[in-house]
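In: give me a 3D structure for the following:
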Amino acid sequence: MRLAAAPRWAISFADLALLLLGCFVMLHAMRPPTSAPTAAATIDAALVADLQADLLFEPGEARLTAAGAARLRALAEGQSGRPLQLASRGGTQSGARLDAFELAAARAAAVARVLGIDGRYVTVQPRPDAEAGQSISLFHIPAGTPAA
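Out: The predicted structure follows:
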């Protein structure tokens, strides 16, 4: 039994459909990546504090100095239980154990632990120029912000 050959227009139509599908796949692949909202995207204009990490930590390490820990505890006490977001920007010269990004992330995590900030509300944005230093900004979480 021999199958009937497909009409010529059906082959052209299938070719056109596959060509369009390929174009849409390429367009989708070339789009810039979109990500879920992060803590940085939901930052409220109410800045609580902007801290220089070099003043809170031992040089080249993610260990808080006694004065840095005391400053963070005093800052936490003055927030009357309002939840905070933490945004770490920049970096410092790497230490013996950690590179610049790891050091910035470890310092942000140390501040978050002292202040009791949920990890969903911590962002680390490294800069290639470690000369500018690492700044740690604290913001109040806006009311009604969904969990990340």
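
In: need the residues that contact the helix or strand in which residue 74 is found.
Out: According to DSSP states H and E, residue 74 maps onto helix 66-77. Outside helix 66-77, the residues that touch it by C-beta atoms under 8 Å, 6 or more residues apart in numbering are 48, 49, 51, 55, 56, 57, 64, 111, 114, 115, 116, 138. C-betas here are computed from N, CA, C, even on glycine.

In: okay, buried residues for it please.
Out: 68, 69, 71, 72, 75 (16 or more other C-beta atoms under 10 Å).

In: what about the fourth one, distance to residue 112?
Out: This means residue 72. 10 Å (C-beta to C-beta, to the nearest Å).

In: in the protein, which helix has the most residues?
Out: Ranked by residue count and defined by DSSP state H, the top helix of the chain is helix 8-30.

In: what element comes up after that helix heading to the C-terminus?
Out: Following helix 8-30 in sequence order, the next helix or strand is strand 47-52 (DSSP H and E).

In: which strands and helices lie in contact with the helix or strand just after that following strand?
Out: Once the chain leaves strand 47-52, the next helix or strand it forms, by DSSP H and E, is helix 53-56. Counting contacts by 3 or more C-beta pairs under 8 Å, 6 or more residues apart in numbering; DSSP states H and E, helix 53-56 packs against helix 66-77, helix 100-115, strand 135-140.
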